[in-house]
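Engineer: One predicted model, sequence on top.
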Amino acid sequence: MAILEKETPATEASDSDDPQSSQAAVAAGVAASLAIASCGGGSGGGSSGSGGSGSSGVTDAQASRFLSQAALSARDNIWLLQLVGYEGWLNQQFTTPPSGSSWDWLVSQGYNAETYRYSNSSSDYVIWYRLITSPDQLRQRIALALSEYFVVSVSGISTQWSQFAMAAYWDMLCENAFGNFRQLLEAVTLNPAMGLYLNTKGNQKEDVATGRAPDENYAREVMQLFTIGLLELNNDGTVKTNGSGQPIETYNQDTITNLARVFTGWDLNTGIAGPTATTQFVMPMQLIASRHSALAATFLGTTIPAGTDGVTALKIALDTLFNHPNVGPFFGRQMIQRLVTSNPSPAYVARVATAFNNNGLGVRGDMQAVIRAILLDPEARSDDALALPTGGKLREPMLRFIQWARTFNATSAAGTWKIYDLSDPASRLAQSPLRSPSVFNYFRPGYTPPNTAIASAGLVAPEFQITNEPTVAGYLNFMQSVIANGIADVKPDYTTELSLAGDPTALVKQINLLLAANQVSATTEAGIIAAVASISASTPAGQLNRVRAAILLVMACPEYLVQK
């Protein structure tokens, strides 16, 4: 049943186990939710200060809100965060090692067999598996954010064993998530998946006889997207201007042409290839000196002398980019957008950029310092920010799905986690990890929905670039099916929620806390409770229908969709 094609009255549903009956019960609740939203059902932040608190003084709702920014689910983390506090929880996460090798998981599942040489579907399985099951939640959340900044997409890689290339890329992001940005930048640059995606793999020096010139793709994107951006910035992320009041560009075509020479001569490390040649994706690319340009390269105030070897030239280039004053505000602002809010104030950006520039011990690029600055900033932690109309961000569809799976303890019966590409906008999520349609991510950081109040206020809303009537309907229909049936052999466990099914108020409040950090307002919550209560709970089937409806109604309401 397509839940937006026909409104179903919120009347008492049958307790039958028939799937159509179950879907009708959930659809009834959705119709009620849409009616609530259309009536403007409350705009407050809910009881964000309510609930118990541990020795840290952090309330249930405050803990859940923090975890919506720093983790992938609040369940099983609220009590721990209340015990140790925000900084204590971060310290524990920073010292938790990576949860495992995605590359090894593919091998354990047999995806290095010849039959999978040209298949990439298992790259989806392994990333979903990591995001849904890994205990190192902060690391996984940061890796996901980094994957939307240092974009590589399996859709843009044409090679055999591409699933191993993507698995190794994810592992690299996880390994470097808590390290130093300079090392992360080098690891990204020499990663085989990035080499395949932005053409550094096999990039060769100039050849006057044939007219060949070095490929400029990575040289352009490493500046535009990965380090300094198009315009010079102040430390607070605002744009610098010249004496005429015009923005100052950071680089030009000559800069790209010169920098491109640095990224010649690099290729896969085939010397360590195994029987199926998948191991070449684990190691950084290697330099083939004869293919590296010997010309001088002048860019961003730096000159690499002619004849400089490729390894040294790369170090000079990456050091130059890393030390550019734009990097702190450019990178920091986008990480704030991925974790906390679409429109951070200049002061917020400046505080994060300052942490990037110096972690307090004279170290530049300390990722842990940047993460702390983002997540512990007053604009992230203050309850007052909940009332700001400019605060928060639209939850990314794939984060909603991951949150559902983790909150309700989804498991794969066979351990295969065959969750496929969920990018289809009409019937799935319009988004899937490592499946961006271009190097510019699923959406631009500066995107503003045209002809909207957001545009009139001069704000941005990146996630709205993949939000429209078809994608909203696709998301709701997809989640209706997933909440009821799971996906493939991945099924949820609603045992805890079923114990509350006889009390619609307790059930909805529990889901509001876990999924929305109590940000669903009292008015909207009351409407959802009424819709859930309209479903008979006199049989196990009816109780399950109540749970499914409560979850879908919360995940459909605007106050959940906008994370504050």
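Structural biologist: Alright, I've got the coordinates.
Engineer: quick check: domain ranges of the protein?
Structural biologist: Domain ranges of the chain: 28-95+363-393, 102-178, 217-322, 494-563, per automatic domain parsing.
Engineer: how far out from the middle of the chain is the shortest one?
Structural biologist: To tie it back to what came earlier, the one meant is domain 494-563. Remark: domain 494-563 is offset 26 Å from the chain centroid, using CA atoms, centre = their mean, to the nearest Å.
Engineer: And it, end to end?
Structural biologist: Its first and final residues considered, domain 494-563 spans 24 Å by CA to CA, to the nearest Å.
Engineer: before we move on, what about the longest one?
Structural biologist: Counting by CA to CA, the length from the leading to the trailing residue of domain 217-322 is 19 Å.
Engineer: cool, the second one as well?
Structural biologist: Terminal residues of domain 102-178 are spaced 18 Å apart (CA to CA).
Engineer: Surely residue 182 and residue 321 touch.
Structural biologist: No - at 9.1 Å, residue 182 does not count as touching residue 321 under the criterion of CB atoms under 8 Å. Just so you know, the C-beta spots here come from the backbone N, C-alpha and C atoms, and that holds for glycine as well.
Engineer: if you count what's nearby, which of these two comes out ahead?
Structural biologist: Between residue 182 and residue 321, residue 321 has the larger neighbour count (other CB atoms under 10 Å), namely 22 against 18.
Engineer: what sits against the spatially closest residue to the more buried one that is not a sequence neighbour?
Structural biologist: Of all residues not flanking residue 321 in the chain, residue 227 sits nearest, at 4.4 Å (CB to CB, 6 or more residues apart in numbering). Residues counted as contacts of residue 227 (CB atoms under 8 Å, 6 or more residues apart in numbering) are 185, 321-322, 324, 326-327, 330-331.
Engineer: So which of those residues is the closest to residue 311?
Structural biologist: residue 185 (15.2 Å; CB to CB).
Engineer: Now the closest one, what are its backbone angles?
Structural biologist: phi -60, psi -40 (degrees, to the nearest 10).
Engineer: where's the residue nearest to it when sequence neighbours are not counted, which helix or strand?
Structural biologist: Excluding the flanking residues, the one nearest residue 185 by CB to CB, 6+ apart is residue 318, at 5.6 Å. Taking DSSP states H and E as the definition, residue 318 sits inside helix 310-322.
Engineer: Buried residues of that helix, list them for me.
Structural biologist: Burial within helix 310-322, assessed by neighbour count using 16 or more other CB atoms under 10 Å, is assigned to 310, 313-318, 320-322.
Engineer: biggest separation within those, which pair?
Structural biologist: Across these, the longest distance by CB to CB is 18.2 Å; it joins 310 and 322.
Engineer: Can you get me the centre-to-centre distance for stretch 283-294 and its chain?
Structural biologist: How far stretch 283-294 lies from its chain's middle: 32 Å, per CA atoms, centre = their mean.
Engineer: If you count neighbours, what's buried in it?
Structural biologist: Per 16+ other CB under 10 Å, stretch 283-294 contains these buried residues: 283-287, 291-294.
Engineer: Where does pLDDT dip in the protein?
Structural biologist: Applying pLDDT under 70 to the chain flags the ranges 1-55, 271-277.
Engineer: Which parts of the stretch 451-564 of the chain are strands?
Structural biologist: All strands of the stretch 451-564 of the chain, identified by DSSP state E, counting those that start in this stretch, fall at 490-491, 562-563.
Engineer: Deepest in the core, which of these is it.
Structural biologist: Of the strands of the stretch 451-564 of the chain, the one with the most neighbours on average (mean count of other CB atoms under 10 Å) is strand 562-563, at a mean of 20.
Engineer: Can you tell me the strand partners of that strand and which way each runs?
Structural biologist: Each strand that pairs with strand 562-563, with its direction, by DSSP bridges: strand 393-394 (antiparallel).
Engineer: next helix or strand past the strand it pairs with?
Structural biologist: Per DSSP H and E, the first helix or strand lying C-terminal to strand 393-394 is helix 397-407.
Engineer: Pull the residues that contact the next helix or strand after that next one.
Structural biologist: Following helix 397-407 in sequence order, the next helix or strand is strand 411-412 (DSSP H and E). By CB under 8 Å, 6+ apart, the surrounding residues in contact with strand 411-412 are 129, 418, 488-491, 493.
Engineer: on that earlier part again, so what secondary structure elements neighbour the helix holding residue 318?
Structural biologist: The helices and strands touching helix 310-322, judged by 3 or more CB pairs under 8 Å, 6 or more residues apart in numbering; DSSP states H and E, are helix 181-190, strand 297-299, strand 302-304.
Engineer: quick one on the thing from earlier: would you turn the buried residues of helix 310-322 into CSV with distance to residue 461?
Structural biologist: Below are the buried residues of helix 310-322 laid out as CSV (distance: CB to CB, whole Å):
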residue, distance to residue 461
310, 42
313, 41
314, 37
315, 39
316, 39
317, 35
318, 33
320, 34
321, 29
322, 30
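Engineer: The residue nearest to residue 67 when sequence neighbours are not counted: how many residues sit nearby?
Structural biologist: If the residues on either side of it in the chain are set aside, residue 67 comes closest to residue 74, at 4.2 Å by CB to CB, 6+ apart. Counted with other CB under 10 Å, residues neighbouring residue 74 total 24.
Engineer: For residue 74, identify the helix or strand it belongs to.
Structural biologist: Under the criterion DSSP H and E, no helix or strand holds residue 74.
Engineer: quick one: contacts for it?
Structural biologist: Residues in contact with residue 74 (CB under 8 Å, 6+ apart) are 63-64, 67-68, 407, 513-515, 517.
Engineer: Same question for residue 358.
Structural biologist: Listed by CB under 8 Å, 6+ apart, the contact set of residue 358 reads residue 364.
Engineer: And the helices in the stretch 251-400 of the chain, which stretches?
Structural biologist: Secondary structure of the stretch 251-400 of the chain (DSSP state H, counting those that start in this stretch): helices at 253-260, 310-322, 327-339, 346-357, 367-376, 378-381, 397-407.
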